[in-house]
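Q: Sequence plus predicted model, see below.
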Amino acid sequence: MIETLYVIFVSILKTALYFGILLLHVAYATYAERKVIGHIQLRLGPMVVGPHGILQPIADVVKLIFKEDIIPSNVDKRVFAIAPIISLTAALSTFAVIPVDKNFVISDMSVGLLYVLGIAGVGTYGIIFGGWASNSKYAFLGGLRSAAQMISYEVALAMSLVGVVLMAESFNLSEIVNKQNELWYGMFLFPQILGYFVFIVAALAETNRLPFDLPEAETELVAGYFVEYSGIRFSFYYLAEYLAMFSMSALAAICFWGGWTAPPVLIKIFPILSLIPGIVWFLLKVYFHIFLFFWLRGTLPRYRYDQLMAIGWKVLIPLALFNIVITSLIKYYQ
Amino acid sequence: MNNSPVEQVFLTYFYISLTVLSIAVISSRNIIHSAFFLLILLLHVAAVFLMLNAEFLMVIQIIVYVGGVLALFVFAIMVMNIKEELRHRRFVKFAGAGLLTGLLFFAVFYSVVKNSRYDFVTPITSDTVSFGRLLFSYYLLPFEILSLVLLVAMVAGIIIAKKYPREEK
């Protein structure tokens, strides 16, 4: 009994620590985005709260929490209230299987990769239900667009990772990282470059980021599925979007960049690099992808809806299938 | 089968809420609410798979049912005008027939399940491995036949969705 309680206590502590730090990262990702986008557009970004606006995310969170939670009169109240929570829960629970360092993962599930993909799909429902419950044209159109977009791009996303699974012979994320470390260059990025390309494009679409942010296209849908939301419920959606970005970046870092390990060839040349803890490597790789997301947002214009669908079904999925065939052929004749 | 009290508490919760949720799915008047309850129900089924050490089945349950089937349901439901149905009284007319069908189904199901034997053996390899082995050796023929059926369904879907040349004029 004592042992059971101990296990429960440790899991709760581990989870609280992990998610506390994660949410802090997410809060500062919003700050980083505003800064990066600002500098791309030759502005300074937030500068007022604290030196260089460093306390801006804290101020934002406080503002969002104390704002009035407005529920419009003709909405479906229960669904309206619960939809953002679905999105947030789905986005948070992805991180249960993502290993941030050697042996530091909350649940070392044998099918972690599939779990992340499956749970990412659950997040869609928050958006669909939120869009429907708002009882507004813009929100509804945003919800429908997002549903179609996410369902289409989930296929490409999953297929782009099949090559990685074939090479690692496992769905377990820690195992995938360990397998990559056996290669001298320590990442699947080079043999799976095609899969990586498909993955990044599909991840952009899956997280509703520019250039694929059709569900919340400001110029046509005001703000898309969360037009009617305000206060804390709005911040749930906002948080879910950034968390999805983090989980996709973490997945890219784990599946293609070798997770918390440094490339063995680099360690051989500079032995001093082995002193750097794994979490630093992992965060470096994750933040590279986060920066990529911001960078693309500052660079590319938005695609049209039919272009988005055409890219997903006619370019990405054939490319991913081609990648699977090539990878399995090489694997078979090795 | 498992002695840990924590697991038993969780399983009891899942079984009770599965029952409550499945009643909620069929009894709620608004079909969007039904879809919502179905979402939670399917996630609970996945959780039960997880408690039974079938991780692969759990994830497949989420990907196929939650990510695929239910998404299509919701898609179809959302573009329907449900105001009409909300005004009607519940479909009491069919309650008797529904109850009868349910009882019949339960009786048949029970007579099949009654004598089956359960072996709760903790698997040595992960269930992904054993699942894959079985699928590509013992069940290879059914698997291939199923893939053919899926191909036919896919071709049929494309044909149905295709515009006929006559309509384009």
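A: Perfect, I can see it now.
Q: Could you identify the helix or strand that succeeds the helix-or-strand element of chain B with minimal mean pLDDT?
A: Every helix and strand of chain B was ranked by mean pLDDT, DSSP states H and E. The lowest is helix B:83-87, at a mean of 63. Under the assignment DSSP states H and E, the closest C-terminal helix or strand after helix B:83-87 is helix B:95-113.
Q: Beyond the one helix or strand residue A:177 maps to, next helix or strand please.
A: Using DSSP H and E, residue A:177 sits in helix A:173-182. Downstream of helix A:173-182, the next assigned helix or strand under DSSP H and E is helix A:193-206.
Q: In that next one, which residues are buried?
A: Within helix A:193-206, the residues that count as buried by 16 or more other CB atoms under 10 Å in any protein chain shown are A:194, A:195, A:196, A:198, A:199, A:200, A:201, A:202, A:203, A:204, A:205, A:206. C-beta here means a position set from N, CA and C on the backbone, and glycine is covered the same way.
Q: With stretch B:45-53 instead?
A: Residues of stretch B:45-53 classed as buried: B:45, B:46, B:47, B:48, B:49, B:50, B:52 (neighbour count, 16+ other CB under 10 Å).
Q: so who does the residue most central in space within chain B touch?
A: Closest to where the C-alpha atoms of chain B average out (CA atoms, centre = their mean) is residue B:65, at 5.8 Å. Residues in contact with residue B:65 (CB atoms under 8 Å, 6 or more residues apart in numbering or on different chains) are B:42, B:45.
Q: what's the distance between it and residue A:183?
A: 37 Å (CB to CB, to the nearest Å).
Q: Where does confidence bottom out across the buried residues of stretch B:45-53?
A: Looking at the buried residues of stretch B:45-53 by pLDDT, the weakest one is residue B:52, with 79.
Q: need the next SSE after the helix or strand bottoming out on mean pLDDT in chain A, C-terminal direction.
A: Least confident element among the helices and strands of chain A, by mean pLDDT, DSSP H and E: helix A:218-221 (a mean of 68). Once the chain leaves helix A:218-221, the next helix or strand it forms, by DSSP H and E, is helix A:231-256.
Q: re the thing from before, restrict the helix holding residue A:177 to CA atoms and write it as CSV.
A: Extracted in CSV, the C-alpha atoms of helix A:173-182 (Å, rounded to 0.1, in the frame of the first residue of the first chain):
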residue,chain,number,x,y,z
LEU,A,173,9.9,7.5,-28.8
SER,A,174,12.9,6.7,-26.5
GLU,A,175,13.8,3.7,-28.6
ILE,A,176,13.6,5.8,-31.8
VAL,A,177,16.1,8.2,-30.2
ASN,A,178,18.4,5.4,-29.1
LYS,A,179,18.4,3.9,-32.6
GLN,A,180,19.4,7.2,-34.1
ASN,A,181,22.3,7.5,-31.8
GLU,A,182,23.7,4.2,-33.3
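Q: now that helix: mean pLDDT?
A: Here the average pLDDT along helix A:173-182 is 86.
Q: Next, see if that helix gets close to chain B.
A: No - residues of helix A:173-182 contacting chain B under CB under 8 Å from any CB of the partner chain: none, with a closest distance of 10.6 Å.
Q: so how far is that helix from its chain's centroid?
A: 20 Å (CA atoms, centre = their mean, to the nearest Å).
Q: and that helix, what does it pack onto?
A: Applying 3 or more CB pairs under 8 Å, 6 or more residues apart in numbering or on different chains; DSSP states H and E, we find helix A:173-182 packed against helix A:112-133, helix A:137-168, helix A:231-256.
Q: let's see it at 10 Å
A: Packing contacts for helix A:173-182, counted by 3 or more CB pairs under 10 Å, 6 or more residues apart in numbering or on different chains; DSSP states H and E, involve helix A:112-133, helix A:137-168, helix A:231-256, helix A:264-269.
Q: Return the most buried member of those helices.
A: helix A:112-133 (a mean of 26; mean count of other CB atoms under 10 Å in any protein chain shown).
Q: Let me see the domain layout of chain A.
A: Following the assignment in automatic domain parsing, chain A carries domains at A:1-66, A:76-333.
Q: mind checking the end-to-end distance for the shortest one?
A: Domain A:1-66 has its terminal residues 42 Å apart, counting by CA to CA, to the nearest Å.
Q: cool, the last one as well?
A: According to CA to CA, domain A:76-333 extends 58 Å from its N-terminal end residue to its C-terminal end residue.
Q: roughly how far is that domain from the heart of the chain?
A: 4 Å.
Q: Check the first one too.
A: Distance of domain A:1-66 from the chain centroid (CA atoms, centre = their mean) equals 15 Å.
Q: Would that domain count as contacting chain B?
A: Yes - Domain A:1-66 is in contact with chain B by CB under 10 Å from any CB of the partner chain, via A:1, A:4, A:5, A:7, A:8.
Q: quick one: least confident of the residues you listed?
A: Ranking the residues of domain A:1-66 next to chain B by pLDDT puts residue A:1 at the bottom, with 71.
Q: For burial, what's the neighbour tally of the nearest residue to that residue once chain neighbours are set aside?
A: In this structure, residue A:1 finds its nearest non-sequential neighbour in residue B:5, 7.9 Å apart by CB to CB, 6 or more residues apart in numbering or on different chains. Counted by other CB atoms under 10 Å in any protein chain shown, the residues lying close to residue B:5 total 10.
Q: any idea how far residue B:5 lies from residue B:11?
A: According to CB to CB, residue B:5 and residue B:11 sit 11 Å apart.
Q: can you check residue A:166 too?
A: Separation of residue A:166 from residue B:11 (CB to CB): 35 Å.
Q: Next: residue B:135.
A: In terms of CB to CB, residue B:135 sits 28 Å off from residue B:11.
Q: Just want to know which of these two has more residues nearby.
A: residue B:11 (17 against 12).
Q: looking at it, that one is touching residue B:48, isn't it?
A: Yes - using CB atoms under 10 Å, residue B:11 is in contact with residue B:48, at 7.3 Å.
Q: Mind listing what's buried along the helix or strand containing residue A:36?
A: Here residue A:36 sits within helix A:2-40, counting by DSSP H and E. For helix A:2-40, a neighbour-count test (16+ other CB under 10 Å) marks A:18-19, A:22, A:25-27, A:29-36, A:38 as buried.
Q: packing partners for that helix?
A: Under the contact definition 3+ CB pairs under 10 Å, 6+ apart, helix A:2-40 sits against helix A:56-66, helix A:77-93, helix A:231-256, helix A:278-299, helix B:5-27.
Q: Got the confidence number for the residue lying closest to residue A:201 once chain neighbours are set aside?
A: Closest residue to residue A:201 apart from its sequence neighbours, by CB to CB, 6+ apart: residue A:316 at 6.0 Å. Note on residue A:316: pLDDT of 90.
Q: number of nearby residues for residue A:316?
A: 24.
Q: That one contacts residue A:158, doesn't it?
A: No - counting by CB under 10 Å, residue A:316 does not reach residue A:158; the two are 11.3 Å apart.
Q: Overlap in contacts, those two.
A: A:199, A:202 (CB atoms under 10 Å, 6 or more residues apart in numbering or on different chains).
Q: Alright, I will stop here.
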